[in-house]
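Peer 1: no sequence for this one, just the structure:
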Ligand SMILES: NC(=O)c1ccc[n+]([C@@H]2O[C@H](COP(=O)([O-])OP(=O)(O)OC[C@H]3O[C@@H](n4cnc5c(N)ncnc54)[C@H](OP(=O)(O)O)[C@@H]3O)[C@@H](O)[C@H]2O)c1
């Protein structure tokens, strides 16, 4: 088996633009065969044609609207049953920056379906298939917004906090199974998501915007290094380690038989 065939295949959601399209390019150049999913079949076909010609890998297009359950289920079946698949890039997503009190509930639900429900169902199917086959990688695209409730992104930020929790918890659960998990937390990245969300990329200060190529190259370097949480912008990885350590310090006191003294709750005398 040569290097190319031993990579297996990657399923990338949201591959029609932005971060997903760059993952497709980079993974094809690493020798992965690809399954590209998104709604815009024309863009997926154009990317597939280009990558086949430039790299010689097999590229398949799977049109899917990830807010539609039957479309998600088709990809789930693929992840469970296709023994060539070794990598899921759980990337498709959208943002919404409207204040919570004026946002329409249906838009919020739609966002949760895309950023949470589909991500969960696809990770679940990948975990089942990969564990059975004894190898695989699940990459979930979160956001630094999920760490920062003060960034005024309420539900978008909450969906990304969910992605981080899911990834960390799943990595723990899958330890020793041959299946690894990575959460990638991009900061502001130059893609269509800003215009699609109505914020407009011209409103994002250029000094905080990362080029999408650099973002994906750093995320893949983090994957190669076996990182569970990759924050491409963060200069000192020890800063994330400090967050982790602070949470670990809470652990022994998070579940106790009585409330803390500051609440003034009368605790019954032992019988
Ligand atoms: N750019 C940033 O600043 C930034 C920062 C942090 C995190 N992220 C995350 O990065 C991920 C990729 O976003 P991006 O920045 O690359 O934005 P993007 O260029 O807008 O790409 C979003 C991708 O998701 C797909 N998508 C959207 N709705 C979909 C649906 N209902 N069903 C299937 N696919 C759908 C889009 O394809 P179709 O329209 O063809 O369906 C597109 O391929 C998202 O999860 C986002 O939250 C981005």
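Peer 2: Now that the structure is in, tell me what you want to look at. The structure presented is a predicted model; accordingly, all values stated were derived computationally and were not measured.
Peer 1: The ligand contacts on the stretch 51-200 of the chain?
Peer 2: Those residues of the stretch 51-200 of the chain that sit near the ligand, judged by C-beta under 6 Å from any ligand atom, are 64-67, 91-95, 114, 141, 143, 186, 188-189, 191-193, 196. For glycine as for every other residue, the C-beta is placed from the backbone atoms N, C-alpha and C.
Peer 1: switch the cut-off to 5 Å
Peer 2: The stretch 51-200 of the chain comes close to the ligand at residues 65-67, 91-93, 141, 143, 186, 188-189, 191-193, 196, as judged by C-beta under 5 Å from any ligand atom.
Peer 1: now for those, which pair is the farthest apart?
Peer 2: Using C-beta to C-beta, the two most remote members of these are 65 and 188, lying 26.2 Å apart.
Peer 1: These two: who's more crowded?
Peer 2: Higher neighbour count among residue 65 and residue 188: residue 188, with 20 against 16, using other C-beta atoms under 10 Å.
Peer 1: And the residue of the stretch 51-200 of the chain closest to the ligand?
Peer 2: In the stretch 51-200 of the chain, the residue that lies nearest the ligand is residue 93 (2.3 Å; C-beta to the nearest ligand atom).
Peer 1: Look up the closest residue to that residue, ignoring the ones flanking it.
Peer 2: Leaving aside its sequence neighbours, residue 93 sits nearest to residue 115 (C-beta to C-beta, 6 or more residues apart in numbering; 4.9 Å).
Peer 1: lowest average confidence, helix or strand, in the protein?
Peer 2: helix 3-7 (a mean of 60; mean pLDDT, DSSP states H and E).
Peer 1: so after it, what's the next helix or strand?
Peer 2: Proceeding N to C from helix 3-7, the next assigned helix or strand is strand 9-13, under DSSP states H and E.
Peer 1: Against which helices or strands is that following strand packed?
Peer 2: Applying 3 or more C-beta pairs under 8 Å, 6 or more residues apart in numbering; DSSP states H and E, one finds that strand 9-13 contacts helix 18-29, strand 33-38, helix 69-81, strand 85-90.
Peer 1: For residue 253, which of these is the nearest?
Peer 2: Of all those, the one in closest proximity to residue 253, counting by C-beta to C-beta, is strand 85-90 (33.6 Å).
Peer 1: And the host helix or strand of residue 246, what's buried?
Peer 2: Assigning secondary structure by DSSP H and E places residue 246 in helix 237-250. Residues residue 240 are the ones in helix 237-250 that count as buried (16 or more other C-beta atoms under 10 Å).
Peer 1: Kindly report the same for stretch 101-111.
Peer 2: Going by neighbour count (16+ other C-beta under 10 Å), the buried part of stretch 101-111 is 108, 111.
Peer 1: now stretch 184-197
Peer 2: Buried residues in stretch 184-197 (16+ other C-beta under 10 Å): 184-186, 188-191, 193-194, 197.
Peer 1: Stretch 110-119 too?
Peer 2: Those would be 111-119, for stretch 110-119 by 16+ other C-beta under 10 Å.
Peer 1: One more: stretch 40-58?
Peer 2: By neighbour count on 16+ other C-beta under 10 Å, the buried set for stretch 40-58 is 43-44, 47-48, 51, 55, 57.
Peer 1: Out of those residues, which sit inside helices?
Peer 2: 43-44, 47-48, 51, 55 (DSSP state H).
Peer 1: Dump those to TSV, plus pLDDT.
Peer 2: Shown next, in TSV, are these (pLDDT from 0 to 100):
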residue	pLDDT
43	98
44	98
47	98
48	98
51	98
55	98
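Peer 1: Please identify which of these is nearest to residue 79.
Peer 2: Nearest to residue 79 out of those is residue 44 (C-beta to C-beta; 17.7 Å).
Peer 1: Not counting sequence-adjacent ones, nearest residue to that closest one?
Peer 2: Of all residues not flanking residue 44 in the chain, residue 61 sits nearest, at 4.4 Å (C-beta to C-beta, 6+ apart).
Peer 1: Give me the residues contacting stretch 29-41.
Peer 2: Residues outside stretch 29-41 that contact it (C-beta atoms under 8 Å, 6 or more residues apart in numbering): 3-5, 7-17, 20, 24, 27-28, 44, 47-48, 51, 55, 57-66, 75, 78, 84-85, 87, 92.
Peer 1: among the residues you listed, which ones are buried?
Peer 2: Among those, those scoring as buried are 7-17, 20, 24, 27-28, 44, 47-48, 51, 55, 57, 59, 61-66, 75, 78, 84-85, 87, 92 (criterion: 16+ other C-beta under 10 Å).
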